[in-house]
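> Sequence first, then the predicted structure, then my questions.
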Amino acid sequence: MEKIFSNQILIKQELNQIKDILLQPEKLSQWNPAILRVTKLAEDTVSIQRNIKAVNETEVIKIRQTAEKVIYQSFGGRLIYQLEFHLQTINESTLVEEQFYLTEATKLPMGLLAPIAKNAFNQNLTALKRIAEISK
């Protein structure tokens, strides 16, 4: 796996609340505006369709968790990747560090795509923060 970028944000919400949001893929469109439709394929797997032009307009995401991490493994798109959300409690907040890894080689120009993707994923983290803090 090759790490491409990471983002982080501090959210004024308990770690378990953040984890619950991340583990509910049907809520993805609430904090990722590019997502048009989420279809459940299995208990831990969903199909995602985006409403904008993207490297992966459709993909399949398998979701897993550990004690302090939620992992989205993407398959079926032009870019095969793993997105890890590392969660850490700091005082009464949660630090979310998002790490994006390529899990398969690609012919796409990652030098050009990485900064664009990093910015888009950071905007999604900011939206996640808004939603999580509203539900506090």
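Arrived safely. Numbers count the residues shown, from 1 in each chain.
> what's the neighbour count on Ala34?
17 (other CB atoms under 10 Å). All C-beta spots, glycine's among them, are computed from the backbone N, C-alpha and C.
> Contacts only, for it.
Arg50, Asn51, Ile52, Ala54, Ala120 (CB atoms under 8 Å, 6 or more residues apart in numbering).
> Which secondary structure elements does the biggest helix by length in the chain sit against?
As assigned by DSSP state H, the longest helix anywhere in the chain is helix 110-134. Where contact means 3 or more CB pairs under 8 Å, 6 or more residues apart in numbering; DSSP states H and E, helix 110-134 is packed against strand 2-11, helix 15-22, helix 28-31, strand 93-102.
> What mean pLDDT does it get?
The pLDDT scores in helix 110-134 average 95.
> For it, buried residues please.
Ala117, Lys118, Phe121, Asn122, Asn124, Leu125, Leu128, Lys129, Ala132 (16 or more other CB atoms under 10 Å).
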